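[1] sequence and predicted model, in that order:
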Amino acid sequence: MASNEATKKVDLVRGAARGPANPPPARPATPARAPQKRATPGEFFAQVRDEGRKVTWPSRRETTITTIMVFVMVVAASLFFTVVDQALRFLVGLILGV
C-alpha cells in the first residue's frame with residue numbers, strides 16, 4: 001500500500017494524469033444492422049438442405065485412404081512416444097540409481 005499511496009501523492013504533486021498524453025481517437029460507431037426476419041422451422045430446414053447440397057462430399061476411396069492414414073499416424077506416434085518414454089525411464093534410472 002505504501003507504494004500505491006506514494007504514487008498517488010507524487011501524481012497529485014505533479015498534477016499529471018496517468019496514461020498517454022494524447023489519447024487515441026474514439027472509434028466510429030458501427031452502423032446498426034436492420035433486424036433479420038426470423039425463419040420458420042420449415043424454411044430453416046429447407047436452407048439446411050440447400051447448404052448440404054453445396055458441400056463437396058469425399059468419395060468412398062478418399063475416405064478410406066484418409067482413415068488408413070490416420071491409423072498409420074496413430075501407430076507411428078504411439079511407437080515414437082513409447083521409445084521416448086523408455087529412454088527417459090532408462091535415464092532417470094541411471095541418475096537416481098534405481
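    Ah, there it is. Residues are numbered from 1 along each chain as shown.
[2] and the helix or strand harbouring Asn4, how far from the chain's centre?
    Here Asn4, judged by DSSP states H and E, is contained in helix 2-14. Computed by Cα atoms, centre = their mean, to the nearest Å, the separation of helix 2-14 from the middle of its chain amounts to 40 Å.
[3] likewise stretch 74-86?
    The answer for stretch 74-86 is 27 Å, by Cα atoms, centre = their mean.
[4] longest helix of the chain?
    Counting residues, the longest helix found in the chain (DSSP state H) is helix 60-96.
[5] mean confidence for that one?
    Helix 60-96 carries an average pLDDT of 97.
[6] next one: stretch 39-49
    If you average the pLDDT over stretch 39-49, you get 92.
[7] contacting residues around that stretch?
    Residues from elsewhere that reach stretch 39-49 (Cβ atoms under 8 Å, 6 or more residues apart in numbering): none. Quick note: C-beta positions are derived from backbone N, CA and C, even for glycine.
[8] OK, contacts around the most centrally placed residue in the chain?
    In the chain, the centroid-proximal residue (Cα atoms, centre = their mean) is Val70; its distance is 22.9 Å. Residues near Val70 by Cβ under 8 Å, 6+ apart: none.
[9] how about stretch 89-98: buried residues?
    Across stretch 89-98, burial judged by 16 or more other Cβ atoms under 10 Å covers no residue at all.
[10] kindly format the C-alpha coordinates of it as CSV.
    Extracted C-alpha coordinates of stretch 89-98, given in CSV (Å, rounded to 0.1, in the frame of the first residue of the first chain):
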residue,chain,number,x,y,z
ARG,A,89,12.8,-44.1,-17.9
PHE,A,90,16.3,-45.6,-18.5
LEU,A,91,18.0,-42.1,-18.0
VAL,A,92,16.1,-41.4,-14.8
GLY,A,93,17.0,-44.9,-13.5
LEU,A,94,20.7,-44.2,-14.2
ILE,A,95,20.5,-40.8,-12.5
LEU,A,96,18.6,-41.9,-9.4
GLY,A,97,20.4,-45.3,-9.3
VAL,A,98,17.1,-47.3,-9.1
